[in-house]
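>>> turn this into a model:
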Amino acid sequence: MNLRRRHWVAGSALALLLAGCERRKDGPVELRLWAMGREGEVVKELLADFEKINPGIRIKVQQLPWLSAQEKLLTAFAGDVTPDLCQLGNTWIPQFAALGAIEPLGDRIDRAGGVMSADYFPGIWASNQIDARLFGVPWYVDTRLIYYRKDLLLEAGVAKPPASWAEWLEAMRAVKQRSPQNYGVLLPLNEYEQLLSLALQQDAPLLREGGRFGDFRHADFRATLQFYLDIFKAGLAPRLSATAISNVWDEFAKGLFTFYISGPWNIGEFKRRLPPDKQHTWMTAPLPGPHGPGASVAGGASLVVFKASQHKEEAWKVIEYLSQPEVQRRFYQITGNLPPRRSAWADPALRGDPYSAAFREQLERAKSPPKVPEWERIGTEMRIVTEALVAGRMTVEQAVTELDARTDRILEKRRWMLDQRGRA
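Residues are numbered from 1 along each chain as shown. Alright, predicted model coming up:
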């Protein structure tokens, strides 16, 4: 090929490339949204209407399995290939905020007709705030409360669900006295969320000095841990993990335990799995607290925008759309996931469901776990130490001391980073 021919071919290729770029520039913006599990399927259906009213935006949804989602997101961040927006578990937000991976959203909140902060349950909203900056918008929420057998309580002489720890112990003792082979409550030893919910009912935080050290030796957590241990020592809970019980719903129907602490996902499971003659025997109630109705853990998932996105405003439009009360109601109808906006609870399906009413009340008292990236590791240590406590291998004093020691080791790098930031 002669020189003139090569120049003509190169020039033509460049012209075609530029023309292609121009066409892409004039075409719709394509956003990448990553979502987990069932939500990754459902959001495609919800966003079909969004694309109709926003023809300049197209959304490519990638569904991730929950078990590998966090690792995949961290790998994507390290490789600079994060999506434009994503579903994140609330407890993951501190980690991705600390990495500088997600965009602060505060200046986009409370625009007319958009995401109105006052309409959200305060504890759920707070779980998305780090150092007074908002990094995510709650998409759906969960919290934990008690499922209970109202027939077994009545047979034991207990007319209403307990509101305080003292009433709860009294109710469990009454059930145990009437049926010694059964238990008052199931507290699986391979889970720490039940103990965490009880601990969040106290005034003192679980970490001190801005999340630098554990504070499990505080009198508030000691009281929680002692209450938790007393339930097992009195024979009111079996010393078992959830895996040791073949079918939680069958055992609940048989009366093995009267109380079960769980989240909203089990409303549908209880309706499906309990036999017809037991459907009228169960109900939900807010979690009892030290001196009256108590707090519980603020859980669920939120929507975030990644800092590396080239289309942040378009990504925010998607979050605004998914946050509309009518869209949240539709999301609930499809998935059963509870909406984080109070106004969305006007949905007749929610308002008329007696099992959901307790969740509506509990969400007003939901509290976020400590907002540090290391929290899930600390939660695992909480489970290991309390399992040893219940097994009799530790005293309460030894358990809280060990928890603080393990937590302080986990937070060592955090302290160093905060100290370096303070010196800068």
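>>> buried sites along the helix or strand hosting F270?
Here F270, judged by DSSP states H and E, is contained in helix 265-273. Residues of helix 265-273 classed as buried under the neighbour-count rule (16 or more other C-beta atoms under 10 Å) are 266-267, 270. For glycine as for every other residue, the C-beta is placed from the backbone atoms N, C-alpha and C.
>>> name the nearest residue to A156, sequence neighbours excluded.
A174 (4.0 Å; C-beta to C-beta, 6 or more residues apart in numbering).
>>> hmm, that neighbour is touching A159, no?
No: the criterion here is C-beta atoms under 8 Å, and A174 misses it with A159 at 10.9 Å.
>>> spit out the residues that contact these two alike.
Taking C-beta atoms under 8 Å, 6 or more residues apart in numbering as the contact rule, A174 and A159 both touch L153.
>>> between those two, who's got more neighbours?
Higher neighbour count among A174 and A159: A174, with 18 against 8, using other C-beta atoms under 10 Å.
>>> confirm that that one sits in a strand.
No: A174: not assigned to a strand; according to DSSP: H, G, I helix; E, B strand; the rest coil it is helix.
>>> that one and K254: what is the separation?
19 Å (C-beta to C-beta, to the nearest Å).
>>> check W416 too.
With C-beta to C-beta as the criterion, W416 and K254 are 53 Å apart.
>>> roughly how far apart are V175 and L187?
Remark: distance between V175 and L187 (C-beta to C-beta) = 15 Å.
>>> hang on, the earlier thing: could you give the mean pLDDT of the helix holding F270?
Averaging pLDDT along helix 265-273 gives 94.
>>> remind me what that helix packs against, helices and strands.
helix 248-254, helix 354-363 (3 or more C-beta pairs under 8 Å, 6 or more residues apart in numbering; DSSP states H and E).
>>> one more time with 7 Å
Helices and strands touching helix 265-273, by 3 or more C-beta pairs under 7 Å, 6 or more residues apart in numbering; DSSP states H and E, are helix 248-254.
>>> now the strands for the stretch 1-150 of the chain?
29-36, 57-64, 85-89, 129-130, 133-134, 137-142, 145-149 (DSSP state E, counting those that start in this stretch).
>>> surely the residue nearest to A156 touches V158?
Yes: counting by C-beta atoms under 7 Å, V158 is a contact partner of A174 at 5.6 Å.
>>> thinking again about what came up before, wait, which of the buried residues of helix 265-273 is closest to G211?
N266 (31.4 Å; C-beta to C-beta).
>>> nearest residue to the closest one other than its sequence neighbours?
Y147 (6.5 Å).
>>> distance check, the one you found against E209.
In terms of C-beta to C-beta, Y147 sits 37 Å off from E209.
>>> more neighbours: the two, which one.
Taking other C-beta under 10 Å, Y147 and E209 do not tie; Y147 has more neighbours (25 against 11).
>>> any regions of the stretch 1-150 of the chain where pLDDT drops low?
Scanning the stretch 1-150 of the chain for pLDDT under 70 picks out 1-26.
>>> helices of the stretch 251-400 of the chain, start to end?
265-273, 312-322, 325-335, 348-351, 354-363, 375-390, 396-410 (DSSP state H, counting those that start in this stretch).
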